[in-house]
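>>> Return atomic coordinates for the entry below.
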Amino acid sequence: MQMRKFRLSMTVGAFALAASGAFADTLLELQKDARQWVSPTGDYANRRHSALKQITTANVHKLSVDWQFSTGVLRGHEGCRRGSC
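Residues are numbered from 1 along each chain as shown. Below is the predicted model of the structure:
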């Protein structure tokens, strides 16, 4: 029975690892397109830069807030894993 559980956990672990690798490969491919923002910082290099050219020094003054959402927290936000805060 113990060996069976071990084999099952190894199979599930191998599948999860393969799936996460495929997902990471997809994100790496998507980040090559300037129109895709695949992470909070834009890409895995954390550049926080967009190569798009729609916003320039000539038109930046025309930008305005389109929508906003208040969480009710006024001193910033933080995230933590379940059980670690």
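>>> from here on, contacts and neighbour counts on C-alpha atoms
Fine.
>>> Any regions of this structure where pLDDT drops low?
1, 3-21, 81, 83-85 (pLDDT under 70).
>>> Can you identify each of the helices in it by residue range?
2-30 (DSSP state H).
>>> Quick check: phi and psi on the most centrally placed residue in it?
Centrality entry for the chain: nearest residue to the mean C-alpha point is Ser39, 3.1 Å, by Cα atoms, centre = their mean. When quoted as degrees, to the nearest 10, the phi and psi of Ser39 stand at phi -150, psi 170.
>>> Kindly provide the distance from it to Leu27.
Taking Cα to Cα, to the nearest Å as the measure, Ser39 and Leu27 are separated by 9 Å.
>>> and if you look at Ser50?
16 Å.
>>> the more surrounded of these two?
Using other Cα atoms under 10 Å as the criterion, Ser50 and Leu27 rank with Leu27 on top: 17 against 13.
>>> is it true that that one touches Gln36?
No: with contact defined as Cα atoms under 8 Å, Leu27 does not reach Gln36; the gap is 9.3 Å.
>>> Could you check how far Ala58 is from His49?
For Ala58 relative to His49 (Cα to Cα), the value is 18 Å.
>>> out of the two, which sits in the busier spot?
His49 (11 against 7).
>>> For burial, what's the neighbour tally of the closest residue to that one other than its chain neighbours?
Leaving aside its sequence neighbours, His49 sits nearest to Gly42 (Cα to Cα, 6 or more residues apart in numbering; 6.9 Å). For Gly42, the neighbour count with other Cα under 10 Å is 17.
>>> List the contacts of the residue nearest to the centre of the chain.
Residues counted as contacts of Ser39 (Cα atoms under 8 Å, 6 or more residues apart in numbering): none.
>>> Check the gap between it and Leu28 for me.
11 Å.
>>> And for Gly79?
25 Å.
>>> what's stretch 42-55 in contact with?
Gln31, Ala34, Arg35, Gln36, Trp37, Thr41.
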